[in-house]
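Asks: Pasting the sequence and the predicted model now:
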Amino acid sequence: MKNSVDIKMLLTAYEKIKTQGQEIEFGKQLDDIKCTESHDGYSVSLSDDHVSLDIHFHNAYHFHTMNEDPDSVINQTKAEFHNNNEAQIQDFIKKLENLTDKY
């Protein structure tokens, strides 16, 4: 199942965490969302305790959840849920939306 996540909202949330969040060991944190970026800046990650989201160059992105089957994860150019827990992903997206509205 493909999702229809707004990549602009994801990147806006990342930017707000990066500029307004607290320093943590490997990045920044704002509320309970953490962000990190690759050393070359071509990919960023957002995560909470249940979901992580990798955003790559050309706006390709991939969600990972606590119950994901590692054998089902493959490289891709479009965002897909694979065997992820869709409810966890929807909750995570809502957290990101709330964060962008709050800050």
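Replies: Done, it's in.

Asks: OK, contacts around residue 26?
Replies: Counting by Cβ atoms under 8 Å, 6 or more residues apart in numbering, residue 26 touches 34, 36. Every residue, glycine included, has its C-beta placed from N, CA and C.

Asks: ok, it to residue 37 distance?
Replies: Shown here: residue 26 relative to residue 37, a distance of 10 Å by Cβ to Cβ, to the nearest Å.

Asks: Same check on residue 94?
Replies: Computed as Cβ to Cβ, the residue 94 to residue 37 distance reads 23 Å.

Asks: Let me know the average pLDDT across stretch 24-41.
Replies: Regarding stretch 24-41, the rounded mean pLDDT is 92.

Asks: which parts of the lengthiest helix in the chain are buried?
Replies: For the chain, the helix with the greatest residue count under DSSP state H is helix 86-102. Neighbour counts over helix 86-102 (16 or more other Cβ atoms under 10 Å) mark 88-89, 92-93, 95-96, 99-100 as buried.
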